[in-house]
Each structure stands twice: as C-alpha cells, then as structure tokens.
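K.L.:
pasting the sequence and the predicted model now:
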Amino acid sequence: GPPLALIMTHIHRGILKYVYNFLSSAGAKYGVGFWKPGSGIIHQIILENYAYPGVMLIGTDSHTPNGGGLGAICIGVGGADAVDVMAGIPWELKCPKVIGVKLTGSLSGWTSPKDVILKVAGILTVKGGTGAIVEYHGPGVDSISCTGMATICNMGAEIGATTSVFPYNHRMRTYLEKTGRGQIAALADEYSDLLVPDEGCEYDQIIELNLDELKPHINGPFTPDLAHPVSKVGAVAEKNGWPLDVKVGLIGSCTNSSYEDMGRAASLAKQALDKGLKCKAQFTVTPGSEQIRATIERDGYAKTFRDVGGVVLANACGPCIGQWDRRDVKKGEKNTIVTSFNRNFTARNDANPATHAFVTSPEIVTALAIAGTLNFNPETDYLTAPNGEKFKLEPPTGDELPSKDFDPGQDTYQHPPADGTSLKVDVNPQSNRLQLLEPFDKWSGNDLEDMQVLIKVKGKCTTDHISAAGPWLKFRGHLDNISNNMLIGAVNSENDAINKIKNHLNGEYGGVPDVARHYKANGVSWVVVGDDNYGEGSSREHAALEPRHLGGRAIIVKSFARIHETNLKKQGLLPLTFSNSSDYDKIRPDDKISIRGLKTFTPGKPLAAVVKHSDGTEETLELNHSFNETQIEWFRAGSALNRMKSLQH
C-alpha cells in the first residue's frame, strides 16, 4: 500500500477544493494513493485496508496504535518523522519498556472493550505508559473482538504509551477474512507462534484484570484518566458540582465506530423506541469510515439512530477534534456531554471550557442519552415509558461483523498513475490555507543569550492548548495563519489568565501569538517554561512548528510527552527539562534566560540556564536533554528538514 503520511489524516468536507487538489496532485506526482474526502478516519482506513499481524507502521497521529487490534506495531509520530521515512532516512526510537496487561475471564453484559482501557487509564494515569509498549495477553483476550482490541489500543495514547498490541488470534483472522484479506489470515496462521508473547517472557510491569469482574466505566471530566464506575459517577458528580443533565451524547470517532459498536448501541436505541421513548439528550453518530456508513445504512442501524432522535454525521473526526459548531449552550455555560471518543481535555470538543466531557463506551453513551442524566446506572435503574410503564434496558447485543459482509459504499480511493514524474504539485499562491514552508535559520554557533520568557505555563498543557483544533484546522497547510493559535489555551502562571501575557518590550498585555510576533519583529528570542507532561495529547506537529516560526528557541519544562518532545527537536528547538523539577518555581514571568554549553552540546551532558531576574539577581540552573548525535545535527542545521537537505548535496 501507499505510505501512510499521504493518506488523509482527517477528512473534512468543508475544506476548499484546492487543498484536495494539492493532496491529490502530490499523491499522483510521487506515486502514492490518495483517499478522497468522505473516505473516513485514517485509523479505520488502516484497520480495514493496511494493518496486518506483525507489520510495523508509523503514522502521523497519536491514535495510530489503533492497528494493534490486528497484532500490528503501529506507532504515532510527528509529520517530520514520517517525512524522514518516506525519504529513506531511518526512523529511531529509544527502546521502550513493556507493560503487560493480563486479561482473565470474559466480557459480558454491559461491559465493553472500552472499559478495559478506561480501567487501565485509571490505574496508569495519562503518563504512566510513557516510554513503554502495552502488551495485552492472557485467556481473556479471546473474548474481545478484533475491533474491540483496536479500541483498547487506540486509547492507549491516553496513557502516553508508545503503542499497544494484542497477540494474533481467531478474532483477527475472522476480521481479515471479512475485509478481503484471507490470504494474509492464512499466512498469519502459518506463523502464529511468532505473533504471540514468547514463552516465559518477562514484563517491566504487570497489571491483571478479571473481565468477569470489570464494570462499565466513565472517565472524566477534563482528563481521560479520571476513572469512575458508571454506578458511582452520579454520586461523584453531585458531590463535585458537575452538571448531572446530559446535554449531548456522541458516539463514533476513530476509537469506537466499528460495526459491533454501532450494532450494540442500536440495540439499546431500539429497546427505547419499542417502549415509545426517544433520547432526552441530543445524540450524534459518527461512522468511522465510508464502509461502516454504508453498512449501517444497509442494515438499518442508521435509521434506528435517527428514529431515536439521533443525527448521523459525516465519516470524519467531527466533534472529537473540535469540528462542532455547537449552538445549544453558550460559551462559558456549565454543562455535561458524554462521548465514546478518546480525549476530553478542556474545550477540546466544542471550544467551551465549561463543558464537562466524559468518555465512555458507545453503549453507555446511548443509555445516558436516552436517560438524559449522569445519575443513571443502566444495570440497575429503570426508565419510564410514555404510558407510565417502568422498564430496564436489557444488556446491549450486536454482531461482531456483518453477516452479509461489508458494503464498501462509494469508491473514494485514487490510485497513483504509472508515472507521475511529469505532473506538478498544485499549490494556489493566493490561498490562505496553503503556504509553502521556508527553511528555518541555522544555529548561530553561539550560546543563546538573554531570551525573554514568553509565558510560564501553569498546569496541564496539551497539544490542544498549544495549537487548538476546531476551526483552526483549516489553516493546517498555512504555518503563518495557524500560528495565530499558539498557546492561546495555556494558563499564564502570572495571572491565571488564558491568552493574556505581558509584553516586556512595551509593558502592555496581549495575546500570546501577538506578543511573540512583536518579539520576533524586534529581534528578541524567547522561551516557554512549562509544567509536567508538556505536550500530552495529539501528535500535532503544528504545536512545534508554531513556536519555531514565531521566534521561540527553547521549551523548558518539568517533563515532556514523547511525541511532542521529538517534534520540537525536529524543528530545531531545544526541549529541555529541569534537573530539579522544583527549579520551575524559580522562574519568574519577566526573567531573561541564557542557554549555555551549546558549543559542546553532546548526548547525556546537561546544559545550563543562566536566569536573570528583573531585580538584578541571577542564578544558574541545570537542564537535562535527551538529544542523541543525529538530533544534535538537526539543532545545528536549524531543523531536521534542513539537515536532510544538506545531506543530499
């Protein structure tokens, strides 16, 4: 198949035609296939067409590990990493540890594959899987469908894991056969002993889960690792003042949009309809691919969702990444939504920081959308039909795979031409959505002196805080325009405000991108200071491109999320960590920082930060880094792309 970097990562019908012309023409020129608008979400396209047991893939999205549901080692990386591989340059990764999750018992009733990862997220937290592969094993594995395993691996990104993987089994074989890959299934059967854990293998950490005892979970709000059993979340919400009324239930996304997911959710919707009930909350359904959309239309699931009050959206990421023009609440209005998505960071889905978003299975989302309240446990609580009859929902049921095989729907794949060398890549020079990149400047050869602290970030700072999604995604191909969202979601430690920092050249307060642009125009380099797990979340390369473009030189934090740290290195920035995390407290918002030791920059050797305070005092702090020799060459050249170009001459 084609290199994955040129398959559409996120499909949005609203993007102007010339963006698609650019992607289509680039694919044709360089001999790779192009999935046209409407194809679906990249992770589902890969599961249905490309992943297979034993393959190693990298993809430019943090939920690339979705392919682990087919026994594949699929790892999310920054776009620059994918460019390297496409250009024939080796991709490297520090050897991860292995966390084993042993599954016993079997899933049944209201418990779903989603509950496995929701429980694991509660155990490991959003950074407990960092630097590790999570390997699921044990007799409980066979009770989980192939797409259910993909759901678990997909959301492993939420614990910071390098990737997650399941051993090859008959559920994978059946899925391969149903998706037209019977020959691969036969080959996997032949070598199945190589696609399961080695006998006597040891793990760096072991977690044991008895699926017989696992209960439905719901995680949130504001972070995907705050785990609650569904039976207790209502009481916890009342205690914490979280709104109990569920305003919207949303199912689908790359995490939970399989045929099985849709069938089990539809079985609950049908039970409600049979009793004369519709959803009390708004209800949306996002098919993960054109194949799923066409199949649930054919088999009646889509009609059931519409009849119960739902809206079936396009085959796209949609509200999961902020593509939601929400009208039912005003910005700043406290409210609760429940989703089967993977992330629930502040303002991610609807740009409203007061929205309390909870992550759970499609089945629980559907039940809570019908009931209209968080304070509803479908295992024990009753609903009231219009005629006054009290009834309980029966546990959800649904076929793992369609009995009539999948309906492929529209053919949205553009095959590459036999020879595209004479073709031109189509870039409209008037576009405000496309802009050709210009090379970043090289390292000067000297230490970085007297850099202004642009912002000292307080608390959680994900890539959504650094480079917001939603309406900004239309500028992904235009670095200067999308840079207007840089760090607009981060909390300023000076005043606990968002997007309000002091410009130390004129004394006025302004938005983060505006102040950064003013510094750059006046030749002032700057640094960002951050907290723990900086850059958690989507592998959004713009979160590294933007600070480099606007004059940033270093990002100094307590700790980094893996993908973001690499992305920063790729763009010629210095991602550095305090040797003593308490040194974070020594930085003042109006400090100037010099980075010393760059002339002897070597792997494993700390750098020094000389911090000059406005009162005339200064102190020296030790900064650690994880650069290797190759990555130091990126820094010296100004970026990995610059280095790649220099090696070609």
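P.N.:
Right, received. Where do you want to start?
K.L.:
quick check: the closest residue to residue 375 other than its chain neighbours vs residue 246, distance?
P.N.:
Distances taken as Cβ to Cβ, 6 or more residues apart in numbering place residue 234 nearest to residue 375, at 3.1 Å, with adjacent residues excluded. For the C-beta atoms, the positions are set from N, CA and C on the backbone; glycine is no exception. Residue 234 is 11 Å from residue 246, where distance means Cβ to Cβ, to the nearest Å.
K.L.:
between those two, which one's more packed in?
P.N.:
The neighbour comparison of residue 234 against residue 246 (other Cβ atoms under 10 Å) goes to residue 246, with 27 against 19.
K.L.:
next structured bit after the helix or strand encompassing that one?
P.N.:
Using DSSP states H and E, residue 246 sits in strand 246-252. Once the chain leaves strand 246-252, the next helix or strand it forms, by DSSP H and E, is helix 259-274.
K.L.:
chain center to that next one: distance?
P.N.:
A distance of 27 Å separates the C-alpha centroid of helix 259-274 from that of its chain, computed with Cα atoms, centre = their mean, to the nearest Å.
K.L.:
buried residues in it?
P.N.:
Judged by neighbour count (16 or more other Cβ atoms under 10 Å), helix 259-274 contains these buried residues: 259-273.
K.L.:
also stretch 298-311?
P.N.:
299, 301, 302, 304, 305, 308, 309, 310.
K.L.:
what comes into contact with it?
P.N.:
With contact meaning Cβ atoms under 8 Å, 6 or more residues apart in numbering, stretch 298-311 is reached by 262-263, 265-266, 269-270, 272-273, 277-279, 282-285, 293, 296-297, 312, 370, 402, 404, 407.
K.L.:
picking that back up, quick one: secondary structure of the residue nearest to residue 375?
P.N.:
Judged by DSSP: H, G, I helix; E, B strand; the rest coil, the three-state class of residue 234 is helix.
K.L.:
right, and it touches residue 376 too?
P.N.:
Yes - applying Cβ atoms under 8 Å as the test, residue 234 and residue 376 come out as touching, 7.0 Å apart.
K.L.:
about what we covered before: the inter-axis angle of the strand holding residue 246 versus helix 259-274?
P.N.:
Here strand 246-252 points in a direction 140 degrees away from that of helix 259-274 (axes from the mean of the first three to the mean of the last three Cα atoms, to 10 degrees).
K.L.:
just the CA trace of strand 246-252, in PDB.
P.N.:
In PDB, the C-alpha atoms belonging to strand 246-252 read as follows (Å, rounded to 0.1, in the frame of the first residue of the first chain):
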ATOM      1  CA  VAL A 246     -26.500  15.100  29.900                       C
ATOM      2  CA  LYS A 247     -26.900  17.700  27.100                       C
ATOM      3  CA  VAL A 248     -25.400  15.700  24.300                       C
ATOM      4  CA  GLY A 249     -24.300  12.100  23.800                       C
ATOM      5  CA  LEU A 250     -21.900  11.500  20.900                       C
ATOM      6  CA  ILE A 251     -20.800   8.100  19.600                       C
ATOM      7  CA  GLY A 252     -18.300   7.100  16.900                       C
END
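K.L.:
change the start of the numbering to 600 and stick with it
P.N.:
I'll keep to 600 as the first residue from here, and by that count the last item is strand 845-851.
K.L.:
quick one: it to chain centroid distance?
P.N.:
The answer for strand 845-851 is 19 Å, by Cα atoms, centre = their mean.
K.L.:
that strand packs against which elements?
P.N.:
Using 3 or more Cβ pairs under 8 Å, 6 or more residues apart in numbering; DSSP states H and E, the elements in contact with strand 845-851 are helix 858-873, strand 881-885, strand 934-938, helix 961-970.
K.L.:
what angle separates that strand from strand 934-938?
P.N.:
Angle between the axes of strand 845-851 and strand 934-938 is 20 degrees (criterion: the same axes, to 10 degrees).
K.L.:
please list all residues in contact with the residue nearest the centre of the chain.
P.N.:
By Cα atoms, centre = their mean, the mean C-alpha position of the chain lies nearest to residue 1137, the distance being 3.6 Å. Counting by Cβ under 8 Å, 6+ apart, residue 1137 touches 660, 661, 920, 942, 1061, 1062, 1063, 1068.
K.L.:
ends of stretch 937-950, how far apart?
P.N.:
Start to finish, the residues bounding stretch 937-950 are 15 Å apart (Cα to Cα, to the nearest Å).
K.L.:
what about the spatially closest residue to residue 886 that is not a sequence neighbour, distance to residue 641?
P.N.:
Nearest residue to residue 886 in three dimensions, chain neighbours excluded: residue 892, at 3.8 Å (Cβ to Cβ, 6+ apart). Per Cβ to Cβ, residue 892 is found 16 Å from residue 641.
K.L.:
cool, thanks, signing off.
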